[in-house]
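Enquirer: Need a 3D model of the following:
(chains A and B)
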There are 2 protein chains.
Amino acid sequence: MRIGILGAGQLGRMLALDGYPLGQRFTLYDPSGKPSAGVGDVIPDQEGLRLKEFLAAVDCVTYEFEHLPYPMVEKIGRHRPVYPPAGALRVCQNRALEKQTFHDLGIPTAPFRIVNSAAELQNATAILGCPVVAKSVTEGYDGKGQAVLRRPEDAHKAWAQIGHSQLVVESFVKFRRELSIIAVRGIDGETVCYPMAENMHADGILRFSVAPAPDMDDATQKRAEEMIQLLLKELDYVGTLALELFETDKGLLANEMAPRVHNSGHWTQDGAVTSQFENHVRAITGLPLGNTDERCPTCMVNIIGETGDLKDLLKLPYARLHLYDKEPRPGRKLGHVNICADSYEELGWRAANVASLLPGSPEFHYSTR
Amino acid sequence: MRIGILGAGQLGRMLALDGYPLGQRFTLYDPSGKPSAGVGDVIPDQEGLRLKEFLAAVDCVTYEFEHLPYPMVEKIGRHRPVYPPAGALRVCQNRALEKQTFHDLGIPTAPFRIVNSAAELQNATAILGCPVVAKSVTEGYDGKGQAVLRRPEDAHKAWAQIGHSQLVVESFVKFRRELSIIAVRGIDGETVCYPMAENMHADGILRFSVAPAPDMDDATQKRAEEMIQLLLKELDYVGTLALELFETDKGLLANEMAPRVHNSGHWTQDGAVTSQFENHVRAITGLPLGNTDERCPTCMVNIIGETGDLKDLLKLPYARLHLYDKEPRPGRKLGHVNICADSYEELGWRAANVASLLPGSPEFHYSTR
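Expert: Numbers count the residues shown, from 1 in each chain, chains lettered A, B, ... in the order given. Sure thing, here's the model as predicted:
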């Protein structure tokens, strides 16, 4: 099948790399005009004049990032099937809709309010109890359009600073660690879930994912699967969905979701029987989904900003390198390394070793061990 | 690095798929004008007019098949490094040189003679003892340019039929099974070997490879490694080399070698820590070589002629599909399936199951179990 991908960054690249062995072909439509190199037929289109050409080249369309113009996706949907469906995209593009969906499905979250004015923000802050974080409902990405309020009186300043007409206000929650679950749903409703990953961030950027998350009981994994399956069904979802969670004393709380393959699922390339990328391609082309079992405890280490000399890393027998062929730039994701081991202890040593070889990487520590 | 590949079939495709994650870029030069689809920048050039364009697009050159015009490869070598070196290619293109190289290095083979006339063929046949097989020294590929002689008097007819000026004549050997070893040598001389595979053919086409070869003692593996290391050194080799062997009562006999990634090494994609494709790319770009340990007993099943409906196969949790995106045609290699298991017994059941789903596949049986 001829698959069209909106976006030509690393996620589109890795979808194509894992989709070719299934006999699929890829055309990447890149509104940014700055595609990642080399994989698939790329149609750069900064001026928006080549959409027709793109549509003629593909049988179905998917996307690698959710901050797409919704009218464009709707328009594409009138000509080709779009997976995940545009309705799911709409929910994931809007924090208010997203939180409301969690709420309506009985999926627990941190206490939150949706506010439409500075006065409502002040009121919600007083009710929730400080500190809170206020986020614009749209275009909030990587910490932009956010403010932390330490007193209800901060509301007017925060409202002005964020400058959006609707915000989500959330309580901070005390959590043990951050987790994520990735699931895939086929066109026929078949669903598979991966073991949860434990995710470690620094400066708002994911640095490490360990999967299966260590010290995880079956009941918690099962609870996460129930949550994401509620979402998949509600959104009539097709493809890979990622759900970020907090593990707290009161159980799992949903944080946010992403309607796509996800950085916290990159471990599946080397650590699971079938990768999240292959399973996304299987899902949107109507193929049976692949086995999601882990092969071994796996750690994904992101390469951020610069790669350094990778020769020492390539000498490590356990390090699997995945570069995105992108120009170095501070804070930019340039690649990742997957590490497998027979035990979490060994995995920890290996991850620490890999991190020590990457310029600017934080040290590796398990969150809870 | 910008890597040029001569040929754009499945081997070039899989080299590119495994080389992208190392940050390499690929341009495929295709003199046949009928490239495989989709991966890398393809330069079709049936008329031989675009070689300059190809050279300008690449930093080094490798090849995916050895039946290339040698003058073209020599010419390329004056502008860009070619790996494996043209000298190795020359030996592998000529059965007489190949056999002589084995002989000079003390690598045992079936008894053979090189003959330059029908009279010499008759004489050699009488000395070796019938039956023998006579093969043209060049362009012999997939059973073409060969004849079996049952009596020395067949020599004149066979000579006329093959129609070449030089032949290699070989005794048939009684062998227990066919094996192959794959090794990789870096620019700096670093060498790694994979565990040997056991190969099963039908109608002259490889159908199954099992690796590590079952019931293999360390001494035999070590002996094969010694043989291939002699060749790597003699040929000042850079890249992946495959050596086909017969296991006989008198030990291993070398049959032939291929200066490239090899069908009997496709199991390494899913069954080894580093694939033969990735290691070839590492070798020719001066990177450290990757670990060649097996992950588990693995069977590669070729998909020949037609794929059938692959949905049932994709439902099997242990089957890893690799399609080449080629048009079906009788006898054509269209893809392969890699199967992992925890034991050879389980692997045998799984391989038999996969074979039963592929139209026209022979049944799977171990050669010696």
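
Enquirer: hey, let's count contacts and neighbours off CA atoms from now on
Expert: Will do.

Enquirer: where along the stretch 201-350 of chain A do the helices fall?
Expert: A:218-234, A:268-271, A:276-284, A:311-315, A:344-357 (DSSP state H, counting those that start in this stretch).

Enquirer: Tell me which of those helices sits most buried.
Expert: Mean neighbours per residue, mean count of other Cα atoms under 10 Å in any protein chain shown, is largest over these for helix A:276-284, with a mean of 27.

Enquirer: List of residues touching that helix?
Expert: By Cα atoms under 8 Å, 6 or more residues apart in numbering or on different chains, the surrounding residues in contact with helix A:276-284 are A:14-15, A:18-19, A:60, A:62, A:83-84, A:182, A:184-187, A:238-240, A:261, A:265-266, A:268-269, A:288-290.

Enquirer: before we move on, the earlier item: export the helices of the stretch 201-350 of chain A as TSV, with columns for mean pLDDT.
Expert: Shown next, in TSV, are the helices of the stretch 201-350 of chain A (pLDDT from 0 to 100):
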stretch	mean pLDDT
helix A:218-234	98
helix A:268-271	98
helix A:276-284	98
helix A:311-315	97
helix A:344-357	98
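
Enquirer: Tell me which of those helices sits nearest to A:Met300.
Expert: Evaluated over those, closeness to A:Met300 peaks at helix A:344-357, with 8.2 Å, by Cα to Cα.

Enquirer: quick one on the thing from earlier: filtering the contacts of helix A:276-284 by proximity to chain B, which remain?
Expert: With Cα under 8 Å from any Cα of the partner chain as the criterion, the contacts of helix A:276-284 include A:288-290 near chain B.

Enquirer: now chain A, which segments are flagged as low pLDDT?
Expert: Along chain A, the model assigns pLDDT under 70 to residues A:33, A:35-38, A:140-144, A:369.

Enquirer: Nearest the geometric middle of it, what residue?
Expert: A:His262 (3.3 Å; Cα atoms, centre = their mean).

Enquirer: how near is the closest residue to chain B within the stretch 251-369 of chain A to A:His266?
Expert: Across the stretch 251-369 of chain A, the shortest distance to chain B (Cα to the nearest Cα) belongs to A:His322, at 4.3 Å. As judged by Cα to Cα, to the nearest Å, A:His322 and A:His266 stand 9 Å apart.

Enquirer: Find the residues that touch each one of these two.
Expert: Residues touching both A:His322 and A:His266 (Cα under 8 Å, 6+ apart): A:Asn338.

Enquirer: picking up where we left off before, want to try CSV for the helices of the stretch 201-350 of chain A, with distance to B:Pro359 as columns?
Expert: As requested, the helices of the stretch 201-350 of chain A are exported to CSV (distance: least, Cα to Cα, whole Å):
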stretch, distance to B:Pro359
helix A:218-234, 36
helix A:268-271, 30
helix A:276-284, 22
helix A:311-315, 41
helix A:344-357, 43
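
Enquirer: With respect to A:Val137, which of these lies nearest?
Expert: The nearest among the helices of the stretch 201-350 of chain A, by Cα to Cα, is helix A:218-234 at 19.0 Å.

Enquirer: For that closest one, enumerate the helices and strands it packs against.
Expert: Under the contact criterion of 3 or more Cα pairs under 8 Å, 6 or more residues apart in numbering or on different chains; DSSP states H and E, helix A:218-234 touches strand A:177-185, strand A:251-258.

Enquirer: And the longest one, how far out from the chain middle?
Expert: Using Cα atoms, centre = their mean, to the nearest Å, the distance from the centre of strand A:177-185 to the centre of the chain it belongs to is 9 Å.

Enquirer: Ok, stretch A:325-344 next?
Expert: In terms of Cα atoms, centre = their mean, the centre of stretch A:325-344 is found 15 Å from the chain centre.

Enquirer: next one: stretch A:7-26
Expert: 17 Å.

Enquirer: And stretch A:149-158, by the same measure?
Expert: Averaged C-alpha coordinates place stretch A:149-158 at 30 Å from its chain's average position (Cα atoms, centre = their mean).

Enquirer: Buried residues of it, list them for me.
Expert: For stretch A:149-158, a neighbour-count test (16 or more other Cα atoms under 10 Å in any protein chain shown) marks A:149, A:152-155, A:158 as buried.

Enquirer: got it, and stretch A:115-132?
Expert: A:115, A:117-118, A:120-126, A:128-132.

Enquirer: how about that stretch as CSV, C-alpha atoms only?
Expert: Below are the C-alpha coordinates for stretch A:115-132, written out as CSV (Å, rounded to 0.1, in the frame of the first residue of the first chain):
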residue,chain,number,x,y,z
VAL,A,115,-11.2,28.4,32.5
ASN,A,116,-12.2,31.1,30.0
SER,A,117,-11.1,34.3,31.8
ALA,A,118,-8.6,35.7,34.3
ALA,A,119,-11.4,35.8,36.9
GLU,A,120,-12.2,32.1,36.3
LEU,A,121,-8.5,31.3,36.5
GLN,A,122,-8.2,33.0,39.8
ASN,A,123,-11.3,31.2,41.1
ALA,A,124,-10.1,27.8,39.9
THR,A,125,-6.7,28.4,41.4
ALA,A,126,-8.3,29.1,44.8
ILE,A,127,-10.4,26.0,44.6
LEU,A,128,-7.6,23.7,43.5
GLY,A,129,-5.1,25.1,45.9
CYS,A,130,-1.7,26.4,45.0
PRO,A,131,0.6,25.8,43.3
VAL,A,132,-1.2,25.0,40.0
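
Enquirer: Show me what from the stretch 201-350 of chain A comes close to chain B.
Expert: A:273, A:287-291, A:311, A:314-318, A:321-325.

Enquirer: Now, of these, which are buried?
Expert: A:273, A:287-291, A:314, A:316-318, A:321-325.

Enquirer: Looking at these, which are in strands?
Expert: A:321-323 (DSSP state E).

Enquirer: correct me, but A:Lys333 touches A:His322?
Expert: No. Contact criterion Cα atoms under 8 Å: A:Lys333 and A:His322 do not qualify, at 11.1 Å.

Enquirer: what is in contact with those two at once?
Expert: Shared contacts of A:Lys333 and A:His322 (Cα under 8 Å, 6+ apart): none.

Enquirer: so A:Val91 touches A:Gln100, yeah?
Expert: No. Using Cα under 8 Å as the test, A:Val91 is too far from A:Gln100 to be in contact (9.2 Å).

Enquirer: Excluding chain neighbours, what is closest to the residue in the stretch 51-200 of chain A that chain B sits nearest to?
Expert: Nearest residue of the stretch 51-200 of chain A to chain B (Cα to the nearest Cα) works out as A:Glu190 at 11.7 Å. Using Cα to Cα, 6 or more residues apart in numbering or on different chains and skipping the chain neighbours, the partner closest in space to A:Glu190 is A:Leu289 (7.5 Å).

Enquirer: Turn the ones next to chain B among the contacts of helix A:276-284 into TSV, including distance to B:Ala352.
Expert: Output for these, formatted as TSV (distance: Cα to Cα, whole Å):
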residue	distance to B:Ala352
A:Pro288	21
A:Leu289	22
A:Gly290	20
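
Enquirer: Tell me which residues touch the residue nearest to the centre of chain A, please.
Expert: Neighbour list for A:His262: A:11, A:182, A:241-242 [criterion: Cα under 8 Å, 6+ apart].

Enquirer: Just give the number of residues close to A:Thr14.
Expert: Not Thr; residue A:14 is Met. Using other Cα atoms under 10 Å in any protein chain shown, A:Met14 is surrounded by 25 other residues.

Enquirer: thinking again about what came up before, taking the contacts of A:His262 one by one, which sit in strands?
Expert: Applying DSSP E to the contacts of A:His262, the entries found in strands are A:182, A:241-242.

Enquirer: Give me the buried entries from those.
Expert: Listed as buried from the ones in strands among the contacts of A:His262 are A:182, A:241-242; burial here means 16+ other Cα under 10 Å.
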